[in-house]
Structure formats: C-alpha cells, structure tokens
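A.B. asks: With the sequence up front, the predicted model follows.
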Amino acid sequence: MFKKLISSVTLMLLMVTQQSHAAIEILITEFTDTARPVAVVPFRFNGSGVKPANIEDVIAADLRNSGKFRPLSLAQFPSQLPFRDTDVDHAAWAAAGAEAIVVGEVNEVGIDRYEVRFEVIDVLRGQITGGQNQILVNGKMTTSNDHILYNGVKTISGNQFRQFAHRISDVFYEALTGTKGAFLTQIAYIAVSDPRISKLPYKLVISDYDGYNETVLISSPEPLMSPSWSPDGNKLAYVSFENKRSEIWLHDIYTQQRTKLTSFPGINGAPVFSPDGTKLAMVLSKDDNSEIYVMDIASRQLRRITNNRSIDTEPSWTPDGKDLIFSSERGGKPQIYRVNLATNKVRRLTYQGEMNLGGTVTPDGRHVVMVNRTNGNYHIARLDLETGMIQVLSRTYLDESPSLAPNGSMIIYSTIDKGRKVLSLVSLDGRFKATLPSVEGQVKSPSWSPFLL
C-alpha cells in the first residue's frame, strides 16, 4: 500500500472536452441531526420564456452537501412563498423550523440575459424585531434591517445559473457560519476507463466540486495520478509516464500550455505547490533513495530537504510555507513527520495506529488530515496537533489520497466501493459522509482547488 501511494503520476496532452452533465454525483450516506435547519425558497421567475434553471435546487444541494445545514422540504414550507424580505412571515418560517432562508427572483432583461436578486434572511431575528429594528444612529432613530444577512443582484446569462447558485451558497454559508464557503471551487481527479474499450483510458479531469461541468484536460494511454493545484487555481502539477518514465509536468488550465519540470532517473513524483505558488515540493530518487526536494519553479533550482536511508515521500506544506510534513519509514513503519525548512530539523507527529501517511495540514494549522491504518483497515483520520489525538473519520474501504476543501470543512478522498475506485466526502468532524460514484469507469487521486474568487 505504501509503495503504491508513493508511485509517480502520468499524463499526455491530447484534447480538451467539456460536458454539462455530472460525471460524478454526490450521494449522501450519513447525515447528522445536528445540521441546522434552513430553507431555500423557489425563486420567482419574471419573463416571457421558460426559467433557465432551478437555481434554488443547486443552492439547497450545496447547503446539504456541506453537512452543516438541513434544507427543509417544500412540504414543510408555509403556504405563502415569498421572493423578497417584505413578503416574509418571519414567525411562520420560524415555526416551520427554519433558522434562515434564501429568497429571490429571476428577471428576464434581454436575450439570454437574466437579473438575479436574492436575500439571505435570519428569520429568528426577523421574528423578534418584526422585520425591522429601530436603532440610534448619530442621535437619530433609524430603521435597521439587520435580520437581512445579505442581499445581492447580478445579471447573468443562461449558462451561468449553476455558477451563480454556488456563489449564493458561498454567501449563505459565510453569513451563517462566519467561514468562507467553498462551493464555487473545483476538483481535479483521474478518471480511468476500460483499456479494452479505450486506447486512451487515463484522463486528467477537472469539474465543479459537485461533479458538474466536467473538462478533460489530458487523455493518455498510460496511468495518470496525483494532480496538484497552484494557489491561484490556474495550473496543475502532475506526473506523466508518456515517455515510459516518470516526469513532473506543469499544465496551464486556461492556455493548455504544459511544461516539463523534471525527468530524472528513478522516481519523479508527488508534486505540491507552496502556499505562495513559487515552489514545488516533490519526491525524487535521483540520488538513489526516495527523498523530499523543493524546486524553485522560476529557476528550476532544487534543494534537497531530507537525507535518510528510509523512504521519504508525500510532502505537503504547512499553511505558512515554513514547514513540510511528509511520510517516512524511518521509524520502521510509515508515519507522519514534520521538517522545518529553515533548520531542516525533523520531528515525528504520529504514533497511534499501525501506520499513518499522506498527511495534509488544515488551513487553520490545527490538524493534519491523513490515512491511518489500524487493524489492517485504511481510513481517513484527523490528528489534533495540540493534543496528539487521532480521530478516524471514514468507514469506507482502502481509503487514500485525502484532499481538503480550501476552507477546511470537507475532505475528498479515493476509496473502493463495490470493487470500483470512487471518490468520497467526509466532513472534518466526521458527521457528514457521501460517495461520488462515476457514471462510467473509475475515479481516483482527487485534489480540491483553492478558492477561485
């Protein structure tokens, strides 16, 4: 398992195709009752044609997928469906169980042009104040609508409804939790089809976080693995075996230009961008052993970070860019270690379980998400860096390759379901779980993008 996880990655640039459907679909498998009840009211459509999309369905799915919220069903709604705050019966919505609601309308303003207006409303606060609150400002009493947490308006085209729905979901999530939402993000992953059917069975794919708007960046006759996003979301680093050896490449998502970065003898693998995007940590065995290196992307200069007879692999940066964490067998079995880049001082982070590997530090720097093996089972786990305690989060089979959402709330990872490689989601607290099976073939090696706005 460990040697499988350190193997290098592959790809071959041929074409770019885009599909509007979801190649993977989020299927919730576990959801706790502690999720906060909210409501996404159907947006009123004002136009001569047909409403391009049910924007409310995308928002409700986003909020449910976060594991933080439980959208009420239409049957639970009060009889009157508002589209602006002045129409809202705050007491009725509070009685229905909603803490907050989203209301809005779509106005057709031209050929394939739509004005979308929306409001995020705290109905509990609105119930108390009656929708208005008198406050003293500069010695004068004025009306405050502080129960309206956000209101926005944007003119979009028909093919932008799903993207703007994710934007509304981000606004709602941040207004209710104080943490930036991560719905307007993407994931990169490897899709593998049957080589007996396809001459190019391996594909490097990006899509919206929920599987829609799939774009194939690279198709290859050889395996592809381990994509890694640049901090600006414009590039992916990866490893290719197209030349019958492992090589690290850089791929510009928008220009489709790619650049070969390494082609040393032996392993060229596990590239991951530094937080400022100027460097790549990687694994090279050009000096006879698997070691961690850091490359300055502009100059291509390499700096060797580890120097140990055991296998060192799977580097990942701390949020401040000052340290790397990595997997190493130097203690006998794979465990997570941390190295300071200024001093090269190494210390061990994990001790519980048979092995721990594939670690990533959460954006707040408080935890490490990793693969933990206990009693022969590989599961996604979370290490508390202050206490040293480990919490196992997943219950699936042969879990690997965890990648964090940029706000640290969710983890996407690769697992086995019914004999196929699929992607799965689990919340950082372990209370929400979902699988993302593919329409066809297998999917693996997920990587969650940074914030894209």
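C.D. replies: Cool, the structure landed. Numbering: from 1, shown residues only.

A.B. asks: immediately after the worst-scoring helix or strand of the chain on mean pLDDT, which helix or strand?
C.D. replies: One helix or strand of the chain scores below all others by mean pLDDT, DSSP states H and E: strand 17-19, with a mean of 36. Downstream of strand 17-19, the first helix or strand assigned by DSSP states H and E is strand 27-30.

A.B. asks: what does that following strand rub up against?
C.D. replies: For strand 27-30, contacts defined as Cβ atoms under 8 Å, 6 or more residues apart in numbering pick out 64-65, 431-437. Just so you know, the C-beta spots here come from the backbone N, C-alpha and C atoms, and that holds for glycine as well.

A.B. asks: Show me where the stretch 51-200 of the chain has its helices.
C.D. replies: 55-65, 90-95, 123-129, 161-177 (DSSP state H, counting those that start in this stretch).

A.B. asks: right, and these - which one's nearest Gly110?
C.D. replies: Closest to Gly110 of the helices of the stretch 51-200 of the chain is helix 161-177 (Cβ to Cβ; 15.3 Å).

A.B. asks: Show me what that closest one is packed up against.
C.D. replies: When contacts are defined as 3 or more Cβ pairs under 8 Å, 6 or more residues apart in numbering; DSSP states H and E, helix 161-177 packs onto strand 36-40, helix 55-65, strand 100-110, strand 113-122, strand 148-156.

A.B. asks: chain center to the shortest one, what's the gap?
C.D. replies: Counting by Cα atoms, centre = their mean, to the nearest Å, strand 36-40 is centred 22 Å from the centre of its parent chain.

A.B. asks: related to what we said a few turns ago, farthest pair within the contacts of strand 27-30?
C.D. replies: Distances among the contacts of strand 27-30 were taken as Cβ to Cβ; the most separated pair is Arg431 and Pro437, at 21.4 Å.

A.B. asks: More neighbours: the two, which one.
C.D. replies: Pro437 (20 against 16; other Cβ atoms under 10 Å).

A.B. asks: Now the more buried one: closest residue in space, sequence neighbours ignored.
C.D. replies: Closest residue in space to Pro437, ignoring its immediate chain neighbours: Val422 at 4.9 Å, by Cβ to Cβ, 6 or more residues apart in numbering.

A.B. asks: part of a helix, is Arg300?
C.D. replies: No: in this structure, Arg300 is coil, not part of a helix, as judged by DSSP: H, G, I helix; E, B strand; the rest coil.

A.B. asks: From Leu261, how far off is it?
C.D. replies: Distance, Arg300 to Leu261, using Cβ to Cβ, to the nearest Å: 7 Å.

A.B. asks: List the contacts of the strand or helix carrying the residue nearest to Pro437.
C.D. replies: If you go by DSSP H and E, Val422 is part of strand 420-427. With contacts defined as Cβ under 8 Å, 6+ apart, strand 420-427 is touched by 24, 26, 65-67, 187, 189, 192, 380, 393-394, 396, 399, 409-417, 432-438, 442-444, 446.

A.B. asks: Now the weakest link among the helices of the stretch 51-200 of the chain, please, by mean pLDDT.
C.D. replies: Of all the helices of the stretch 51-200 of the chain, helix 123-129 carries the lowest average pLDDT, namely a mean of 83.

A.B. asks: how about it: buried residues?
C.D. replies: Neighbour-count burial for helix 123-129, counted by 16 or more other Cβ atoms under 10 Å, picks out 123, 125-127, 129.

A.B. asks: just the residues you listed now: which is nearest Phe43?
C.D. replies: For the buried residues of helix 123-129, the minimum distance to Phe43 (Cβ to Cβ) is 17.4 Å, reached by Val123.

A.B. asks: Can you verify my assumption that the closest one contacts Val88?
C.D. replies: Yes: the criterion here is Cβ atoms under 8 Å, and Val123 meets it with Val88 at 6.9 Å.

A.B. asks: Name the residues contacting each of these two.
C.D. replies: Ile101.

A.B. asks: and the helix or strand where Glu314 lies, how far out from the chain's middle?
C.D. replies: Taking DSSP H and E as the definition, Glu314 sits inside strand 312-317. Averaging C-alpha positions (Cα atoms, centre = their mean) puts strand 312-317 19 Å from its chain's average.

A.B. asks: what about Arg300 and Leu261, which has more around it?
C.D. replies: Neighbours per residue, other Cβ under 10 Å: of Arg300 and Leu261, the larger number sits with Leu261, 18 against 9.

A.B. asks: wait, what's in contact with that one?
C.D. replies: Leu261 sits in contact with 237, 247-250, 271, 280, 295, 297, 300, where contact means Cβ under 8 Å, 6+ apart.

A.B. asks: now it: how far from Ser290?
C.D. replies: 18 Å.

A.B. asks: likewise Ser316?
C.D. replies: 16 Å.

A.B. asks: Using JSON lines, please lay out the helices of the stretch 51-200 of the chain together with distance to Gly353.
C.D. replies: Shown next, in JSON lines, are the helices of the stretch 51-200 of the chain (distance: least, Cβ to Cβ, whole Å):
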{"stretch": "helix 55-65", "distance to Gly353": "29"}
{"stretch": "helix 90-95", "distance to Gly353": "46"}
{"stretch": "helix 123-129", "distance to Gly353": "43"}
{"stretch": "helix 161-177", "distance to Gly353": "31"}
